[in-house]
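*Asks:* Turn this into a structure:
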Amino acid sequence: MNIHSYFTLGGKDLIKEYLNSLPKSEKVEGYYILEMLELHGSTYLSTLNTRQIEGKIW
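*Replies:* Numbers count the residues shown, from 1 in each chain. Next comes the predicted model:
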């Protein structure tokens, strides 16, 4: 699965900026989840404690 980041018009990567603002353990977990999604696709979501909010939003 291709993971696309969200960039502002000024070039800021809001996802990386958010992840980098988290405490170290949460930051590591966030980057790990992104990596696993790239490798295994959306099926990886079933291994996480997530729920569907609406449509494709989890």
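
*Asks:* Determine the longest helix present in this structure.
*Replies:* Longest helix in the chain, counting residues (DSSP state H): helix 24-40.

*Asks:* Quick check: the residue in the chain sticking out farthest from the centre vs T50, distance?
*Replies:* Farthest-out residue of the chain from its mean C-alpha position, per Cα atoms, centre = their mean: G10, at 21.0 Å. Per Cβ to Cβ, to the nearest Å, G10 is found 31 Å from T50. For every residue, glycine as well, the C-beta is placed using N, CA and C.

*Asks:* Spatially central residue in this structure, please.
*Replies:* The centroid of the chain falls nearest to L34 when counting by Cα atoms, centre = their mean (4.7 Å).

*Asks:* give me every residue that touches that one.
*Replies:* I3 (Cβ atoms under 8 Å, 6 or more residues apart in numbering).

*Asks:* in stretch 32-43, what counts as buried?
*Replies:* By 16 or more other Cβ atoms under 10 Å, the buried positions in stretch 32-43 come out as I33, M36, L37.

*Asks:* N20 touches V28, doesn't it?
*Replies:* No. Using Cβ atoms under 8 Å, N20 makes no contact with V28, being 11.2 Å away.

*Asks:* what ranges of the chain fall below the confidence cut-off?
*Replies:* 58 (pLDDT under 70).

*Asks:* send the alpha carbons of stretch 4-13 over as CSV?
*Replies:* This file holds the C-alpha atoms of stretch 4-13, laid out as CSV (Å, rounded to 0.1, in the frame of the first residue of the first chain):
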residue,chain,number,x,y,z
HIS,A,4,0.7,9.5,1.2
SER,A,5,1.6,12.2,3.5
TYR,A,6,-0.4,15.5,3.7
PHE,A,7,1.6,18.6,2.8
THR,A,8,0.4,22.2,3.2
LEU,A,9,0.9,24.7,0.4
GLY,A,10,4.0,25.8,2.3
GLY,A,11,5.4,22.3,2.2
LYS,A,12,4.9,21.3,5.8
ASP,A,13,4.3,17.6,6.3
